[in-house]
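**Q** coordinates for the following, if possible.
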Amino acid sequence: MKAAETRVDRFLGSNETAFAIPVYQRNYDWTRTQCQQLFNDILAVGADENLSGHFIGSIVYVHDDVYTVSGLRELTIIDGQQRLTTLTLIFIALYRHAIANGNEQQAQRIYKTFLINEFAEDAEKLKLKPTDNNKAALSQIMDPKEALKVSGYSRLIENFRFFESRIDDSSYEIVQRGLKKLIFVDIALDRQKDNPQRIFESLNSTGLELSQADLIRNYILMGLPRKDQDLVFQKYWEPIESSARNLEVNESRVSDFIRDFLTLKQKDIPNKSAVYEKFKERYPVPNSPELMDALEELRELSNVYARLLNPQLEKDAVISRELGYIRTLEINVAYPFLMPVYRDFTAGTITRDEFASVLRLVQSYVWRRFIVGLPTNALNKIFMSLYDRIDAGDYLASIQRSLMQRSGTQRFPRDAEVVAMLKDKDVYSTKSRTRTYFFDRLENHNNRELVDLTMPGITVEHIFPQNPEPTWQSALDPDEYAQLSEKYLNTVGNLTLSGNNGRLGNKAFLDKRDMNDSGGEQGYRFSRLWLNRDLQTLEKWGVEEVEARAERIAKRFLEVWPAPNVDVIADADSEEVNIFDAEEPRYKRLEYAVFFGSRLQVTQVAKLYAEVFEQLLALQPEAFHDTRLGERVQLSSDPESLRQAVQVADGYFIEGNIDSKGKFDRLKLALSELGLARSIHRMRLSGGFGGRGPVVRTGRGLCRPSRAARRLLTV
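**A** Numbers count the residues shown, from 1 in each chain. Alright, predicted model coming up:
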């Protein structure tokens, strides 16, 4: 490695040199903000005669003994393409300003010194060689006679227009002086002696804001010869980047896609900031057959991932609609499961109806859990392993059985539980997208003339208003008025859809029902919506009507989001459940427990209780003696002071005369209070206990300990 302080104008003015941006580099993505900051710095240093230089960072490159047809020395830019490209745009803006003002001599000096290699072949004249997607834009910018038009959005053109607008007669000379004072560290690498990939990673760790996908692309391509880089990029990476993109906001989702791919493969969810490291761990040898196979599969799966992100790309109207619902609910956590299922559908392994049923099943599972209020973090583990549980000969039913076998916080809520929670749930205060999904599915169930709830004007309407006019209070007794205001206001029984929400407002119920101002048919009586059908004949609105309406909607809910009708048997291979996620242990049989990575020979909660506390007391005795935690588990040296003394150390006892639920509660309390996550992490790293922690399986399936304690106690 050779590093030297270099002036920008000397570097860009190098004779017979081309600066190549390799395909593994991220795209040119400087925004107006970065461009304005650099331009302001150039103006400031150019206007200050006392300043001799201004540092702008470093440019790292490697010369791979690559020479063009014209004999130009080609430098591969590893770091610094954003600055180098932006500086080139500024020189082009100066060049075009000189031409526009008839200063041909100045224009040619800039053009031949900083922008082209004069004696190179026409196809190789440009000093800066951007990636393919930017070549057309740069060529247009360089030609003063060419209209600035490229297909799609181009940051090169947008940023060039910014510099062009800022360079005028008053700033032209100042910008030129400022550019001459710019200094950077010129770092030249020798591939035989230096490791460009390692240096690139080091640069990234010190502040380069690269995505996980940028790092992975670099890892895959950097070590390849130039021709192989282009081939692999065009065959694999470019299609992946093109597919894994949210077209709605033109946002790359490649990092998320590879994270979902690794989750599917490894049954472990990488942290968003560790996707690159996990990818390297799985594919430690660049350009290996295993890595090439992975790229092949990534390219294949990216095709279905594109349609998960952008349901409008799916040509089948039924599937597209269900995918749209999945996206609206933001069930991204299900992608590691849905990707291979979608692939099975496109390959003809399952039918359109089977795939649509799977998509509806996922919605039912997630939406029922939302209504009941079950934690969303339980979904990660479920979906990352669900595909492996599919029986190819009984595809849909095997998925249904797997979900219905779940217990605890992983359970598929049953009808009675969902209906009970639905009637009292504050539906109105949920996210707008979630609320829209709910009423969309309710309204359009079995409806051949679909109602587009995204159309302007159709909104969720409170039947009993949020701010009712005085006539409501006179029409209802005080208790009923209070219940409608406090208990039922935002529940599903009091909500409907209307395209005339503003007109109906806070009016009395009969006024809302019959409104027909100027023949506009604004009232419920004239609505064609299913949700308003029961309101058309009612003569009043009170608690009885709200509850009856909630019953009607609950019945439709069970039709829209049904629970699978399959026989469920005990799942011997179910994943162990953390004790913090377990159902109450009453009337359940404990089959085994795993604590500190070791299987405990316990089949009773009482035995588990005693053995775990014995180990916790040995691990952190100071946390139990003369502390609030010790008081709460009733630690005592006097067994006579306890109703049922359970010995947990020489001369020390805890209370054992409590039921199984109480024992679980005390175990969870101790694990939480001790803050064991960090300690267990250190013990595992130092070769101590390691493993997972008490795993309890009950006779009904599996029950599992919490964030701090989950590493310790699995049930």
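**Q** surely Q212 touches S255?
**A** Yes - here Q212 reaches S255: they are 4.1 Å apart, a contact under CB atoms under 8 Å. The C-beta positions use only the backbone N, C-alpha and C, and glycine is treated the same way.
**Q** more neighbours: these two, which one.
**A** Neighbours per residue (other CB atoms under 10 Å) separate Q212 from S255, with Q212 holding more: 22 against 19.
**Q** tell me the contacts of the more buried one?
**A** S255, I258, R259, K272, S273, V275, Y276 (CB atoms under 8 Å, 6 or more residues apart in numbering).
**Q** how about 6 Å then?
**A** Shown in contact with Q212 (CB atoms under 6 Å, 6 or more residues apart in numbering): S255, V275, Y276.
**Q** give me the nearest residue to the second one, chain neighbours excluded.
**A** The one in question is V275. Q212 (4.0 Å; CB to CB, 6 or more residues apart in numbering).
**Q** ok, T434 next?
**A** Nearest to T434 is L329, by CB to CB, 6+ apart, at 7.0 Å.
**Q** domain parsing of this structure, as residue ranges.
**A** 2-210, 214-418, 421-560, 593-714 (automatic domain parsing).
**Q** now those domains in JSON lines, with distance to D567 and mean pLDDT?
**A** Supplementary listing: those in JSON lines, determined by distance: least, CB to CB, whole Å; pLDDT from 0 to 100:
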{"stretch": "domain 2-210", "distance to D567": "51", "mean pLDDT": "84"}
{"stretch": "domain 214-418", "distance to D567": "8", "mean pLDDT": "93"}
{"stretch": "domain 421-560", "distance to D567": "19", "mean pLDDT": "89"}
{"stretch": "domain 593-714", "distance to D567": "15", "mean pLDDT": "68"}
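**Q** hmm, Q25 is touching G80, no?
**A** No - using CB atoms under 6 Å, Q25 is not in contact with G80; the gap is 9.9 Å.
**Q** and of the domains of the chain, who's closest to V568?
**A** domain 214-418 (4.7 Å; CB to CB).
**Q** gap between the two ends of the closest one?
**A** 44 Å (CA to CA, to the nearest Å).
**Q** now that domain, how far from the chain's geometric center?
**A** 12 Å (CA atoms, centre = their mean, to the nearest Å).
**Q** and what of stretch 642-658?
**A** 48 Å.
**Q** with stretch 117-137 instead?
**A** Relative to its parent chain, stretch 117-137 has a centroid offset of 38 Å by CA atoms, centre = their mean.
**Q** then that stretch to PDB, C-alphas only?
**A** The C-alpha trace of stretch 117-137 is given here as PDB (Å, rounded to 0.1, in the frame of the first residue of the first chain):
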ATOM      1  CA  ASN A 117      -7.800  11.200 -22.600                       C
ATOM      2  CA  GLU A 118      -7.300  13.100 -25.800                       C
ATOM      3  CA  PHE A 119      -5.500  10.400 -27.900                       C
ATOM      4  CA  ALA A 120      -7.600   7.400 -26.800                       C
ATOM      5  CA  GLU A 121     -10.100   5.600 -29.000                       C
ATOM      6  CA  ASP A 122     -13.500   7.300 -29.100                       C
ATOM      7  CA  ALA A 123     -15.100   4.600 -27.000                       C
ATOM      8  CA  GLU A 124     -12.400   5.000 -24.300                       C
ATOM      9  CA  LYS A 125     -11.900   8.800 -24.200                       C
ATOM     10  CA  LEU A 126     -13.800   9.500 -20.900                       C
ATOM     11  CA  LYS A 127     -11.500   9.400 -17.900                       C
ATOM     12  CA  LEU A 128     -14.300   8.400 -15.600                       C
ATOM     13  CA  LYS A 129     -15.700   5.000 -16.400                       C
ATOM     14  CA  PRO A 130     -18.900   4.600 -14.400                       C
ATOM     15  CA  THR A 131     -21.000   1.500 -14.100                       C
ATOM     16  CA  ASP A 132     -23.300   0.700 -17.100                       C
ATOM     17  CA  ASN A 133     -26.400   2.300 -15.600                       C
ATOM     18  CA  ASN A 134     -24.700   5.700 -15.400                       C
ATOM     19  CA  LYS A 135     -22.700   5.600 -18.700                       C
ATOM     20  CA  ALA A 136     -25.600   7.000 -20.800                       C
ATOM     21  CA  ALA A 137     -26.200   9.800 -18.400                       C
END
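**Q** L301 versus A347, what's the distance?
**A** Distance of A347 to L301, computed by CB to CB, to the nearest Å: 12 Å.
**Q** equivalent analysis for L374, please.
**A** 29 Å.
**Q** which one of the two is surrounded by more residues?
**A** L301 (23 against 19).
**Q** does the residue lying closest to the more buried one once chain neighbours are set aside lie in a helix or a strand, and which?
**A** Take L301 and drop its neighbours on the chain: the residue closest to it by CB to CB, 6+ apart is M339, 5.1 Å away. Using DSSP states H and E, M339 sits in helix 335-346.
**Q** contact partners of that helix?
**A** Under CB under 6 Å, 6+ apart, the answer for helix 335-346 is 260, 263-264, 301, 304, 308, 350, 355, 358, 383-384, 386-387.
**Q** if we use 7 Å, what do you get?
**A** 260, 263-264, 300-301, 304-305, 308, 350, 355, 358, 383-384, 386-387 (CB atoms under 7 Å, 6 or more residues apart in numbering).
**Q** give the burial count for N15, as a bare number.
**A** For N15, using other CB under 10 Å, the count is 10.
**Q** do the same with N159
**A** Residues lying near N159 (other CB under 10 Å) number 24.
**Q** what's the answer for A482, then?
**A** A482 - counted by other CB under 10 Å - has 11 other residues nearby.
**Q** going forward, count from 35.
**A** Done: numbering now begins at 35, and the last item shifts to A516.
**Q** and the gap between it and L510?
**A** 9 Å.
**Q** so which residues of the stretch 235-384 of the chain form strands?
**A** 279-280, 285-286 (DSSP state E, counting those that start in this stretch).
**Q** I meant the stretch 35-184 of the chain, not that one.
**A** Under DSSP E, counting those that start in this stretch, the stretch 35-184 of the chain gives strands at 36-41, 51-54, 88-96, 107-113, 162-163.
**Q** which of those sits closest to K314?
**A** strand 107-113 (17.9 Å).
**Q** now the closest one, how far from the chain's geometric center?
**A** For strand 107-113 - counting by CA atoms, centre = their mean - the centre lies 34 Å from the chain centre.
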